[in-house]
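J.: just need the structure, nothing else, for what follows:
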Amino acid sequence: MSIDYLTAKQRSRLKLPLINVHNKRNELFPSFSFFHHEFKSGNCIIDIFPDHLSFHPCTPNAKKNISNLEKIIIKASIDSFTTIIISDISIKNQVTTSISHIHFYDKPVVKTLHRAINITTAEAKLFAMQCTINQAIVNHNIKYIVIISDSLHVTRKIFDFSTHPYQMYSVAISSELREFFSRDSQNCIKFWDCPSKLQWALHHAVDQDTKSMTSVLFFPCKSS
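T.: Here you go, the predicted model:
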C-alpha cells in the first residue's frame, strides 16, 4: 500500500521507516518472478530436458583443454548440423560490448556485436550469453550448439532457479532453449569453458576484437 493512502492517525503510529511504493526511485524491477512458469517445480528446463545440455569446465591441463577445443572445431567443420559460437565481452566507459564469432559448416565466420549500458559484470556476461543463444537458434537446421566462452561459472546461473538477481536472464534464455529443444529430440547445447589466460587462438581473436572496440557513452543534451 502507498503511504499516500494512510490517514494522519495511521501515519503517526508508524515506528519503522517505510518505502513509499509510489516513489519511482524505489521502483520494483522485474528481477524476480516467483510465479513465472519457468520456475514451477517439474517445469524447469533442466527437469524436462536434462540430457540436452551439458557443461565442460576447464581442467588444470592447458594442453588438454586446447586439444579438446581443437577437436570440437574439427568436428564442426565436417558437420552441417553443428554451430560453434565463441564469445567474449569487454566493459569500457560503462558500455558493455559483446562480440561473438559464429562458425557454421562450409561458411565464412559470422561476427555479431551487441552493446548494453550500465550493467554489472555478471549481468554483462549473461547478457552476452543471451545474445549468443539467440543468434544460435535462429537457424532451424542446426541441431548441435557449442558455446565457448570464459563465463562458464556465470552461465550456470541460467539454470539456477533459486532466488537470485539475474532471474530475468534465466527466464529469457530458458524460454529460447525450451523452443530449441522442443523442435527436435536430438537438439542439444554444450557450454565449454575457455579462460582468456588459455590463449587459445580462436577465443583470443574474439577477445582482441572486444578490447579493440571503442565505446563512448553518450548522454542526451539540450540544444539551445
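
J.: helix or strand: which one has Lys64?
T.: In this assignment (DSSP states H and E), Lys64 forms part of helix 62-77.

J.: what packs against whichever helix or strand comes after that helix?
T.: Proceeding N to C from helix 62-77, the next assigned helix or strand is strand 82-92, under DSSP H and E. The contact analysis (3 or more Cβ pairs under 8 Å, 6 or more residues apart in numbering; DSSP states H and E) places strand 82-92 against helix 62-77, strand 95-103, helix 121-136, strand 144-149, helix 201-212. The C-beta positions use only the backbone N, C-alpha and C, and glycine is treated the same way.

J.: what residues sit buried inside the helix or strand following the fourth one?
T.: Of the helices and strands lying after strand 144-149 in sequence (DSSP H and E), the nearest is helix 152-155. Neighbour counts over helix 152-155 (16 or more other Cβ atoms under 10 Å) mark 152, 154-155 as buried.

J.: ok so, going back, reformat the helices and strands packed on strand 82-92 as CSV; add distance to Gln167.
T.: Putting these into CSV (distance: least, Cβ to Cβ, whole Å) gives the following:
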stretch, distance to Gln167
helix 62-77, 31
strand 95-103, 19
helix 121-136, 10
strand 144-149, 21
helix 201-212, 26
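
J.: what's the least confident stretch among these?
T.: Here the helices and strands packed on strand 82-92 differ in mean pLDDT, and the lowest is helix 121-136 at a mean of 82.

J.: just the angle for that helix relative to helix 201-212, thanks.
T.: 120 degrees (axes from the mean of the first three to the mean of the last three Cα atoms, to 10 degrees).

J.: so what touches helix 121-136?
T.: 83, 85, 87-89, 91, 96, 98, 100, 102, 112, 114, 116, 119, 142, 145, 147, 149, 151, 154-155, 157-158, 166, 169, 172-173, 176-177, 180, 189 (Cβ atoms under 8 Å, 6 or more residues apart in numbering).

J.: weed out the non-buried ones from these.
T.: Buried, going by 16+ other Cβ under 10 Å: 83, 85, 87-89, 96, 98, 100, 102, 114, 116, 142, 145, 147, 149, 151, 154-155, 157-158, 166, 169, 172-173, 176-177, 180, 189, out of those.

J.: secondary structure class for Ile142?
T.: coil (DSSP: H, G, I helix; E, B strand; the rest coil).

J.: that one and Thr83 touch, don't they?
T.: Yes - using Cβ atoms under 8 Å, Ile142 is in contact with Thr83, at 5.0 Å.

J.: could you report the neighbour count for Ser67?
T.: 11 (other Cβ atoms under 10 Å).

J.: for Thr121, same thing?
T.: For Thr121, using other Cβ under 10 Å, the count is 12.

J.: one more: Glu179?
T.: With other Cβ under 10 Å as criterion, Glu179 counts 11.

J.: roughly how far does Ala172 sit from Ile158?
T.: Counting by Cβ to Cβ, to the nearest Å, the gap between Ala172 and Ile158 amounts to 9 Å.

J.: could you do Ile72 as well?
T.: 21 Å.

J.: same check, this time on Leu53
T.: For Leu53 relative to Ile158 (Cβ to Cβ), the value is 9 Å.
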